[in-house]
Each structure stands twice: as C-alpha cells, then as structure tokens.
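# Okay, sequence plus prediction incoming.
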Amino acid sequence: MWANLKKRLWKWRGVFVIVPATTGILLGLRFAGLLQPLELAAYDLFFQLQPTELTDDRFIIVAIDEPDIVKYGLPISDATLAQLLNLIKQQQPRAIGLDLYRDIPIEPGHQDLVNVFESTPNLFGIRKVVGNRDGIGVAPSPTLKKRNQVAANDLLPDGDGKIRRVLLSLKDKQGKTIPSLSAALALQYLKTENIILKVLDPKIQKYKLGQAIFLPLESNNGGYVRAELGGYQILSNYRNFQNEFRTVSLTDVLEGHISKDIFRNRIVLIGVTAESSSDYFVTPYNNAIFGHSFRTTNGVIIHANIASQLIGNALGERPLLRVWTKPLESLWIGIWALIGGLFCWTRRHVGGQKQSKQILSIPWTVLAIAVLGTGLVAVSYVAFLQGWWIPIVPSLFALFGSAIAVAGYTARSIRSMRQIFGRYLTDEVVTNLLETPEGLNLGGEKRKVTLLFSDLRGFSALFERVTPEQGVEAISLYLEVMTSVVAKYKGTINEFVGDGIMVMFGAPIQREDDTQRAVACAIAMQLAMTEMNETLDRMHLPALQMGIGLHTGEVLAGNIGSHQRAKYTVMGSAVNLASRIESYTVGGQVLVSEAILDEVKSIVRIDAQMRVKPKGFNEAIVLFDIGGINDLALPEDKETLVKLANPITMEWNILDGKHVITQKFSGSLIQLSANNAKIRSDRVMEPLTNLQITFIDADMTRRIDNVYAKVVEVSLEDTSHCWIRFTAVPPDVAEWLYDLRQTALRIPVPLEEIDS
C-alpha cells in the first residue's frame, strides 16, 4: 500500500510541490498588500465595463454653475438660497439635500433662510465631520443641527485618491452618529415606500433596509489590505449611467425656466458644479480605457449616485457588493493554481509515443493558459455584475505562476534526466521513460521489431597492441559515429556490449518504414567506417572493420527487470536470430534474413547469398549480402587474388563464439588480396568458420600471429581449398602481407604450379 502511494505521489510530484508553493506565495503577496494596487485597478476596470443604465429619474440636481456664480456670487446669499428652497418646496419633493455649507449667516436674508429651514422637515444640510489638515471640520447650520437635519458630506478616498468606499455614517468628536448625506436622503425617500432601517444584530452592526442586508466593511475585505476604517463603510457599487442625473441651473429655477412638476416626489440635491470650485473627486470611472476618457466627478453627483445605489439596494434593483471570506478566497486562489499546474503537468505527456497525434506546443500551451485566464476574468466579471467582488489578480497570478513553474520544473527535470540517461539510452527510450505515465512500469507488449546487431571484427586482439587510453579513445570515436548514424535513421540503441551495438527499429516507437530505415542505417554505418578509419589513421591507431546483421520479427518489448533495476529492451527468438546473423558477417558486410528481404527486395542491391544453419535452430536459413538500398550503396568488392610464388605455411585454431578451440590445424596460404585469401587445408572447412591464424615465415624465421579470418567459401571441386576473409590484421602483419602481394605481382606464377 505504501509503495503504491509513493508511486502515486511521485506521479503527481510537480503538482503536489508547485501548486501549494505557488498558492502560498500568492497568498503571502496578497495579504501583505503588494497586489492591492493591481486589484483596485481591476476593480475600476470592471466598473468601466458595466453595461450602461438609464438615468435615475428619482433625482434632480440644482447646479450652481459658472454663469450662476457670475450672476449671484459665491457663496450665494441666504436670501437667494431661501428663495430657491421655497420654489423647490412648492413642488413637494421627497427630500432635499443641501450640499452647501451654512455654518455662518450670509446676509442679506438670513432670517428668511432660518424660517425655511424650520419649515422644511425633509431638508438636510451638511457638515464636514473629518477635519482637514488642521484637524478642523466644518460646522453645520445651527438651525438644522437643532432639528437633527444634518448629514455628513465626507467622502473617503483611497491611497490613489479614488472614491471606492461609501461612508453611511460616522461619529463626531462628541461620539454622536452622523449619517452621510446620501444615506439621509435615501432613508427619507424610502419612508414613503414604508421601508425603514432595521437592526438585525447590533454587535456586528448588521442592518436591513428593504431587500438589502448591510454589514460594515472590514480592513481586509475584497482587494483591500489593512484599509483605514472609520465610521460605517460599505463598498460603492456606482451606477454606470448613460447620461448623468437630470440637472437644472440655479438661474433656471429662480427665473422660472423649469417644468411645472420637475421636483415633485423626487430627491433634489443642491450643490456647486462650477469647474472653478474644488468640489471634484476621482471615482473608478475617471480613467482612460479603450480610447475613452472620463472626467473627474463633482461631489454633489457622487452623493446622488450613492443615494441612488442605496435606494436600488433596498428595492432589489441593484445588488450590494459583497466579498468572500478569507478562507474561501484562499481556496479560490488555490483552485486556480491547481488548474494551471494540472493543465501543464498532464499535458507534458503529449508527444512521446504519440508524436503523430501531437497537438500541443509552446504557442498552443500559452494560448490555452491565456484562454483559461480569460475564463477566470469572465467568471469574476459575471460575479461582479451579480454583486460579488472576487479578487482577480492573485487568482490570475496563481494560474499563470503555477503553469510557468510546472513547465519550468518539467523542462528542467527532463533536461537533467536526459543528460543522465542520454549517456546510456537513446532519446526515444528516455522520452518513453520520462514523458509517458506508464513509462516506468514493468511489463511489455508483443510487437514487430526490426533488429540490427553490429560488431567490430578482432577488436580485442587489435587493441592488445595499443595503450588502454588509445583503445578507449578509438572505441569512443566509433560509438559516437555510429550513434549519430543510428539517430539519423531514428533507430533506438538498446545497448552497447563491448564493441557491439544492438539497435531496434519499431520499439518503443513504431513506424511504417522501420525495416527500410534499418537496412539504410546499416549501409550508412558501413559507409561511415571509411571516414572514421581515416580519423583513426591520423591518431596512429589501427583501422576497424565492422559486420552487421539484421532480422525482423515479433518480439516482447517493454520494461524488463525488477523494481530495483529494469531496462527497456526486447526479447524473443527474433532477437537471437538477428544476433546469429551478425556472427556470420565479415568486416564491411551487411547480412539480412529472408524476412528482411521480403520487405525491401525491390529497393536493395543483393551482392551474394548463403545458406546457414544457426546454432539452436532446427532448419537452415538463407542470408543475403546487401550492398545498397535506393541511392545508398557500398563500393563493390573488386579485389583480385594474387598467386604467391612460395606458399606461406600457416596454423589456425577454430573460434567458437569467444572461445578458442585448442586443437590446431595447418595448411598454407596460396593466394592473397587486400582483404581476402585462398588457403589449402589439411581438413575440410565449414563455411563461416571463424579462425585464429598464425603464419610461419620461413625467410624471417618467425611466427606471425594475432590474425583473424572467416571462411567465406569452400571449393566444391577440391574441399581442401577454401577462401577466407581477414577480419582483424595487426598493422605490422598487414604490411608484411602487402609486401607479399607486391612481390607476387612482380613475379607471376603459373596457377597449376601453385595448386600442385
């Protein structure tokens, strides 16, 4: 059970590590306040994207604009204000909000204004509760204060100067609760609708107004972190009016240029809107977006908008903006981190064994994550329209951050593992192990695979004459060259066995042209030996020769071994036969089975064929010597045997695999070329027998050994004569044989004389 759990944990290691870490980092940034500016900017953007609404006809603004100031002065006199209020009262508005300070008399007409104040119970004046820099506010009208018809016109800007929070009430220095002007007007309007403010829970200041439930804003609500609290605050949910509130000027009212019932049953706000005044503020709408610019907003317009919002909340026309609890918000951020992490972690498998179906690349990944991010923004925006402020910035950062972190972790892990395993396995096997969920599981499947075995001829004997360092340098060069060729033809190197190479075509990735590419790879490997031997010659190292055998058939392919140690490999009789075929080759030769030939017969050059009976197999098989495929071809063997004037005495032992049979046989070397020879033996030789030869030079009175050869043909007329191909010849012996050929070329010898 623990072992299975460990496997599952390892399978999802990137998600289990990166997602919690990303979530933790984002929550830390979020609650440290580092993301607050971005979050408030997103909050403003949602306001600007809101659908426009028709103007709230319940409100009308009496604006004191620049022409009014020129005509009546500023501040306007008490007489002018009293005249204005009497004209408004005649139309019986529901509430009047006087957004003008009247803490001192402004003669003439002060007593007239006092009389109006005393006779207008639905009129609310203002005071400034929160002090300016000197800490002193602005007192209310004494008359309105006595009548308890005073409201606060304080607005609460954030650090960037924007008005996003609403003060419903606040306490003065004497501890008295003062409602805000917008709240006072809204409550006065709703009285006629039989809607009054009800206390639900005084401890947490939970109130009900019609269909709206109010709770005070906390310092860390929404995108805020350690916001300054004071009074009873809620989040603003400004209306996005297509046009601002209906407005008439002071002059129009005083001179009667207004409709008869323009103020009837409405809320009337009176304030200075002249641009020369300082009563302008910044709201979420006062930004540039999509090429449109929003002006700063006048204070009286803000009070009207807030009052409109409160009335809409109470009547169910507009939701209050609410926020999630911190645990729920943290869970939301964690979910998006999980989505980003899971997406990139699961999609890392695309490719590998299914390259033909690969649909994901870096651009597609970026696009997919961008689509997810757009979905997150869309969900948050819809929630905002429904009255929920869900912090979007940390969620977006969690989505992108976890996706980037998982992608980076995956790339780094794979790069590191490829560097480690790439020294021993092919890229395709590494991909199978690292990028497929089942890559590390034990087990296999039956599939058709083409197998290529190659081996150097006489490698061990050749390098007994060089230093270990030179031997390693030579074999490293050989393996590097061969690895490059195999990679070019998309073969999978299963293993290096000394100087031998086992290559698979069809595992772990299967392609339609596996057999064709395997034969082409074998020809290319033989061609690469020429250039490699030139490099060895410059290194003063002996030349190498390689034999290659190929066979195709059904094998068991998969991860074979134990849980402690396993490898990706293939098993079966087809593997054994391919290895046997290679053992019959001589240097520079490519031998293939009949199964191979059946698939490539039309595109290969067949130089020869032979019938052999491999050890462990009941029946003889036919092998074909392939000299080329399509436009890739080996040089044709055009060597001519030279007849020796004096046959060279020789002895040999037969090789059985890597073992030397102790029984010695003798004979003579009678014909010679660069790579081949004809010998006379005192016994009948079997074709494809491997020989370890010692020449006895009578003239030099020395034994010349460490020469290896393979019997390639036996004379049918005289079985004591056979042809051999040298598979390994030391450099000094090669020079001696060369001298023998040159001497023989200068002194022709009749063939019948040699054969006698």
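Good, I have the coordinates.
# hang on, isn't Leu190 packed against Ile196?
Yes - with contact defined as CB atoms under 8 Å, Leu190 and Ile196 form a contacting pair (7.3 Å). (Glycine included, C-beta is placed from N, CA and C.)
# Same drill for those two, tell me which one is more crowded.
Taking neighbours as other CB atoms under 10 Å, Leu190 and Ile196 compare with Leu190 leading, 20 against 12.
# I'd guess the more buried one is in a strand, am I close?
No - if the criterion is DSSP: H, G, I helix; E, B strand; the rest coil, then Leu190 is helix and not within a strand.
# Return the residues in contact with the nearest residue to it once chain neighbours are set aside.
Of all residues not flanking Leu190 in the chain, Ala314 sits nearest, at 5.7 Å (CB to CB, 6 or more residues apart in numbering). By CB atoms under 8 Å, 6 or more residues apart in numbering, Ala314 lies in contact with 186, 190, 195, 209-212.
# cool, Gly299 as well?
Gly299 makes contacts with 99, 153, 155, 271, 279-281, as judged by CB under 8 Å, 6+ apart.
# ok, now Val449?
Contact partners of Val449, counting by CB under 8 Å, 6+ apart, are 504-507, 514, 552-555, 557, 570, 574.
# So which of those is surrounded by the most neighbours?
Counting neighbours by other CB under 10 Å, Met504 leads the contacts of Val449 with 29 neighbours.
# leaving aside the residues next to it on the chain, what's closest to the residue most central in space within the chain?
Central residue of the chain (CA atoms, centre = their mean): Ala407, 3.9 Å from the mean position. Leaving aside its sequence neighbours, Ala407 sits nearest to Cys344 (CB to CB, 6+ apart; 4.9 Å).
# Go through the contacts of Val449 and flag which are in strands.
If you go by DSSP state E, these have 504-505, 552-555, 557, 570 in strands.
# Against Thr410, how distant is the nearest residue to Arg465 once chain neighbours are set aside?
Of all residues not flanking Arg465 in the chain, Pro730 sits nearest, at 6.0 Å (CB to CB, 6+ apart). Plainly put, Pro730 is 52 Å away from Thr410 if you go by CB to CB, to the nearest Å.
# next one: Met502
31 Å.
# Over to Arg147?
For Arg147, the distance to Thr410 (CB to CB) stands at 73 Å.
# where's Asn115, which helix or strand?
Using DSSP states H and E, Asn115 sits in helix 110-118.
# Roughly how far does Leu45 sit from Phe384?
For Leu45 relative to Phe384 (CB to CB), the value is 10 Å.
# Now do the contacts for Ala709.
Ala709 sits next to 677, 690-691, 693, 724-727 when contact means CB under 8 Å, 6+ apart.
# quick one: which of these is nearest Ile234?
Thr727 (93.9 Å; CB to CB).
# from what I can see that closest one touches Arg457, true?
Yes - look at Thr727 against Arg457 with CB under 8 Å: they come within range, at 3.4 Å.
# Give the residues shared as contacts by the two.
Joint contacts of Thr727 and Arg457 (CB under 8 Å, 6+ apart) are 545, 547, 586-587, 708.
# As a markdown table, those with neighbour count, distance to Gln90 and secondary structure would be great.
As requested, these are arranged in a markdown table below (neighbours: other CB atoms under 10 Å; distance: CB to CB, whole Å; DSSP: H, G, I helix; E, B strand; the rest coil):
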| residue | neighbour count | distance to Gln90 | secondary structure |
| --- | --- | --- | --- |
| Gln545 | 24 | 119 | coil |
| Gly547 | 24 | 117 | strand |
| Val586 | 23 | 122 | coil |
| Gly587 | 23 | 120 | coil |
| Tyr708 | 23 | 126 | strand |
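# In these, find the pair that's most separated.
Between any two of these (CB to CB), the greatest distance is 11.9 Å, for Gly547 and Tyr708.
# Between those two, which contacts overlap?
Here Gly547 and Tyr708 share the contacting residues 457, 727, scored by CB under 8 Å, 6+ apart.
# Contact partners for Leu144?
The neighbourhood of Leu144, defined by CB under 8 Å, 6+ apart, consists of 102, 117, 123-125, 150.
# Ala63 and Asp252 touch, don't they?
No - using CB under 8 Å, Ala63 is not in contact with Asp252, being 9.4 Å away.
# Tell me which of these two has more neighbours.
Counted by other CB under 10 Å, Ala63 and Asp252 do not tie: Ala63 has more neighbours, with 22 against 15.
# need the contact list for that one.
Contact analysis of Ala63 by CB under 8 Å, 6+ apart lists 247-250, 271-273, 300.
# Please apply the same query to Glu686.
Counted by CB under 8 Å, 6+ apart, Glu686 has contacts 711, 714.
# Helix, strand, or coil at it?
In three-state terms, and counting by three-state DSSP, Glu686 is coil.
# next one: phi and psi at it?
Note on Glu686: its backbone torsions stand at phi -90, psi 140 [degrees, to the nearest 10].
# Roughly how far does Asp631 sit from Leu550?
19 Å.
# Next: Thr120.
Thr120 sits 108 Å away from Leu550, going by CB to CB.
# who's more crowded, the two?
More crowded of Thr120 and Leu550, by other CB under 10 Å: Leu550, with 30 against 19.
# isn't the more buried one right up against Arg517?
No - with contact defined as CB under 8 Å, Leu550 does not reach Arg517; the gap is 11.1 Å.
# Arg703 is in what secondary structure piece?
strand 702-714.
# just Pro394 next, same as before
For Pro394, the element it lies in under DSSP H and E is helix 393-421.
# Also Val733?
Per DSSP H and E: Val733 is located in helix 731-746.
# picking up where we left off before, so which of the ones in strands among the contacts of Val449 comes closest to Ile369?
Ala557 (36.0 Å).
# Just to check, that closest one is in contact with Ile509?
No - counting by CB under 8 Å, Ala557 does not reach Ile509; the two are 10.7 Å apart.
# Relative to Leu396, how far out is the spatially closest residue to Ile392 that is not a sequence neighbour?
Take Ile392 and drop its neighbours on the chain: the residue closest to it by CB to CB, 6+ apart is Ser380, 4.5 Å away. As judged by CB to CB, Ser380 and Leu396 stand 9 Å apart.
# Asn676: how many residues sit nearby?
When counting by other CB under 10 Å, one arrives at 19 neighbours for Asn676.
# got it, and Pro51?
Pro51 has 7 neighbouring residues, counting by other CB under 10 Å.
# mind listing what's buried in the one helix or strand Arg165 maps to?
Element membership of Arg165, judged by DSSP H and E, is strand 163-171. Residues of strand 163-171 classed as buried: 163-170 (neighbour count, 16 or more other CB atoms under 10 Å).
# Pull out the buried positions in the helix holding Asn115.
Neighbour counts using 16+ other CB under 10 Å place 110, 112-114, 116-117 of helix 110-118 among the buried residues.
# Tabulate the residues you listed (CSV), appending pLDDT and distance to Asp598.
Below are those laid out as CSV (pLDDT from 0 to 100; distance: CB to CB, whole Å):
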residue, pLDDT, distance to Asp598
His110, 93, 118
Asp112, 93, 118
Leu113, 93, 114
Val114, 94, 117
Val116, 94, 113
Phe117, 94, 112
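# coming back round to it: of Met502 and Thr410, give the one with the bigger neighbour count.
Neighbours per residue (other CB under 10 Å) separate Met502 from Thr410, with Met502 holding more: 21 against 18.
# May I have the residues that are in contact with Asp57?
246, 266.
# And for Asn653?
Each residue near Asn653 by CB under 8 Å, 6+ apart is listed here: 660-665, 691-692.
# Now for the residues you listed: which two are most distant?
For the contacts of Asn653, the farthest-apart pair by CB to CB is Thr662 and Leu691; their separation is 13.9 Å.
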